[in-house]
Every structure is written in C-alpha cells, then in structure tokens.
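1. Kindly generate the corresponding structure for this input.
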Amino acid sequence: MSQIDARAPYAESADASRGRLVPEAPSRTRNAFARDRDRIIHCTAFRRLKEKTQVFVAHEGDHYRTRLTHSLEVSQIARSLAHALRLDQDLAETVALAHDLGHPPFGHAGEDELQAQMQPWGGFDHNVQTFRVVTKLETRYPTFDGLNLSWETIEGVVKHNGPVTHKLDEPAWRAIADYTAGWDLRLDSFASLEAQAAAIADDIAYNNHDVDDGVQAGLFSLADLADVPLIGPVLHRTRQDWPDLDERMIRLEAVRRMIGVMVEDVLTETERRLAEDRITSPEDVRAARRTLIQFSDPMMSDLGVLRRFLFERMYRHYRVNRTRSQARRILAEMFQLFMAEPEVMPTEWGARAASEDLHKRSRAVCDYIAGMTDRYATLEHRKLFNLDVALDL
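-> The predicted structure follows:
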C-alpha cells in the first residue's frame, strides 16, 4: 500500500462510527459513510438542487452553476483534499453533497426573505434547514423520519464551519438544540477533518465558479480581473504560457489553475497546522483550538480582495439585483398568503399548516417554500396570483 493510500491516524473510520440514531443492520456492499452518501444522492431534496439558484436563477442559462452542480464541484474538491491528506474520502464527499440541501429557491435572496418572514416565528437558517431535511423532512423509510445518517455525517452537516454552541440561543437553532438533547453531537467541539475539508471545498468552488459564471454572463471581463489578487497573476501566467489562446480557453484554463493554487495552499497550511498542533487522532481534531484545514494568511488576504470584487461587480450588479427583488416579492407574497389561507396549499402541506398555533403553521409554510425549486416557486406564484393561470389548473 502506498503512503497516499494509508489512512492517517487523525482520519475518521466508518468501522469506528458512533452509529445511527435508529440502529440498522450494516450494508454488505458499502461502509456507513458511503451508505450515507447514497441516501443523500437518492433523496428528493438533492434532486431539487438542479433547479435552485447559485447566483443566477436556474432558468437564466444552461451553463451557469445551480446548487446541484455546485454541490458536485464541492464534493470533487473535498474528495481530492481528503485523498491528499489521507482522510476518509467517503465522509468528506458525503458532507459536501449534503451541505446545501436546506437552501431555499433563489439563492441568498430566498434565504434573506424567509428569514425576514420567519422573524416572529423563530427565524430561518439554511444550515439548520439542511439538518431538518436529513433528520426529519425527508420521509423515505418506514421506520424513521429523515435519512437516519451516521453520527459523523450529521455532526459534519451541523458544525463543518466549527463549534456552534454560541448559536443555540438563536430561535432558528432550536431544532438542533432539541435534537442534541437526545443524541449528543458535541456542539462545543470542531467537526472531523473530513467535514472541514468539505467546508473549505465550498469556498474554493464558489470563488472559482463565480469568476467563471460572472465572465460568461458579461458582468465583468478578464481584463477587469487583471489587477485582482490571486486571479490576476494566474491570468497573466496563463497568457504567457498560451499567447495565442482565445479568451474562452484563457478563462477556463485560468479558473482550473486557480483551483489548483487554492488547493495547494490549503494542503500546505493544513499540514503545517496538523504538525504544529500535534494532531494524532480524531479526538485531537475535535479538541483543537482552531480550524485545522484552512487557507494561509496571504491566501485569506487575497481571497478577501477577490470577494469584494465579486460583491461589487457580480452579487450586486443591477441584473442580479432585479432577480433578487423579484424573488423576494414572490416568496413574501406566497408566505403571507399561506399563513392567512393554509387551505390553498397542497393537501399534505395544508394539513401541516392548519394548526392554530402560528409557530407550527409558519414552520410548515416555511418548509414548503424552502423545498421549492426556482421554477416551481415561479409557477406556484403565478397560479396563486394570476387569475388566468389559476383557471387553467
């Protein structure tokens, strides 16, 4: 066995998993983490990601990223990091594939609007919604709600960005506080290195594909990026290596190289931190004083400049702002209508929302809307507020 294939002592092991909340017989063909991955891929919430916004609404173009393609890119990078660091690749991939299951339609505009509408009733947080999807809202098995994932996967879903005890007083996090009263996820500790790999893979993926999508959409050009740290030097070196390459291929090659630069930076910084903190076991990882899989300080500085550029030139471009405005109005109007008239919701959801307890009603309304795709939300809004469409049900 080569050194790269030998599992590191601080890697998680499916054989040592803390198990599932509802005990199940093991699979003959997959370990616990691979089984979790397959359950996520087969669940309804995962399929819906194909028509949920990343930055551009899903119907705006066939080549822009959606939540589904983003999740696949994150899982590929997470798995590559896990391979290089000799971690459990299945667990890293699983957390990556699950991390966006709770996102509502229309990206961050949808999340902002649901948070505003749910403010009197406990708020909304897409990370908590992901947790609710995998522990409750997916109903695919006769003996339990949710997907009954392994402890390590649920831990990674909840705290891949670090300890979360400081969030438990937030109303939106009540679901996690209640759940952990019966199954301790050690919310005051860091998650596994595999979950940390998934978290940083998310940063690598979205920073790169937002550059790619932004140029494709015409929101800015490669020339505009020439003086931006990280991407600017990569573009310069790419042009030097390929002086006759067309702009499309320059863009693709530069983005590919930038992913490589960021991955190499993470590997170097992580190996330094693992050695410096004397990490020799999964328990050392959870008890660490800091995130262990991380960018170097110079890379963090460069990423900060790149993110400011993307915020100014992409995320707040007037074309994106128009879509955000439309999206927020669509969700706000549906939310208010469903709260006032739950009987107009589909039968299953209307029954859940029929409670006189407005907290329960609002959560059912929120769950219904959060599960919608961009396309479904748009069509549902038309049926509810356009009489001509409503008469053609």
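
2. Make sure residue 111 is actually in contact with residue 100.
-> No: counting by Cβ atoms under 8 Å, residue 111 sits too far from residue 100 to count as a contact (10.9 Å). Using the backbone N, CA and C atoms, a C-beta is placed for each residue, glycine as well.

3. Which residues are in contact with each of the two?
-> Contact criterion Cβ atoms under 8 Å, 6 or more residues apart in numbering; residues shared by residue 111 and residue 100: residue 126.

4. ok, how many other residues are close to residue 174?
-> Neighbourhood size, residue 174 [other Cβ atoms under 10 Å]: 14.

5. scratch that, residue 257 is what I was asking about
-> Per other Cβ under 10 Å, the neighbour tally for residue 257 reads 18.

6. try the one 5 residues further on
-> Per other Cβ under 10 Å, the neighbour tally for residue 262 reads 23.

7. what residues are up against the closest residue in space to residue 301 that isn't next to it in sequence?
-> Distances taken as Cβ to Cβ, 6 or more residues apart in numbering put residue 229 closest to residue 301, at 7.5 Å, once the chain neighbours are dropped. Each residue near residue 229 by Cβ under 8 Å, 6+ apart is listed here: 301, 302, 305, 306.

8. do residue 165 as well
-> Listed by Cβ under 8 Å, 6+ apart, the contact set of residue 165 reads 187, 188.

9. For it, give me phi and psi.
-> Per-residue torsions, residue 165: phi -60, psi -30 (degrees, to the nearest 10).

10. From here on, call the first residue 40.
-> I'll keep to 40 as the first residue from here, and by that count the last item is residue 204.

11. mind checking how far the residue nearest to residue 340 is from residue 345?
-> 7 Å (Cβ to Cβ, to the nearest Å).

12. Repeat that for residue 299.
-> Taken as Cβ to Cβ, the span from residue 299 to residue 345 is 16 Å.

13. So for those two, which residue has more residues nearby?
-> A count of neighbours by other Cβ under 10 Å puts residue 345 above the other of residue 299 and residue 345, at 20 against 12.

14. wait, isn't the more buried one in contact with residue 272?
-> No: the pair residue 345 and residue 272 does not pass the contact test of Cβ under 8 Å, sitting 11.7 Å apart.

15. joint contacts of those two?
-> In terms of Cβ under 8 Å, 6+ apart, residue 345 and residue 272 are not both contacted by any residue.

16. how much space between residue 333 and residue 119?
-> Per Cβ to Cβ, residue 333 is found 16 Å from residue 119.

17. Please name the residues that touch residue 85.
-> Each residue near residue 85 by Cβ under 8 Å, 6+ apart is listed here: 79, 107, 110, 136, 140.

18. how far away is it from residue 312?
-> From residue 85 to residue 312 the distance is 32 Å (Cβ to Cβ).

19. which residues touch the nearest residue to residue 160 once chain neighbours are set aside?
-> Spatial nearest neighbour of residue 160, excluding adjacent residues (Cβ to Cβ, 6+ apart): residue 401 at 3.8 Å. Residues counted as contacts of residue 401 (Cβ under 8 Å, 6+ apart) are 156, 157, 159, 160, 161, 378.

20. Can you say which helix or strand has residue 401 in it?
-> For residue 401, the host element (DSSP states H and E) is helix 397-409.

21. buried ones in that helix?
-> By 16 or more other Cβ atoms under 10 Å, the buried positions in helix 397-409 come out as 400, 401, 402, 403, 404, 405, 406, 407, 408, 409.

22. again, but for stretch 246-266
-> By neighbour count with 16+ other Cβ under 10 Å, stretch 246-266 contains the buried residues 246-254, 256, 258-259, 261, 264.
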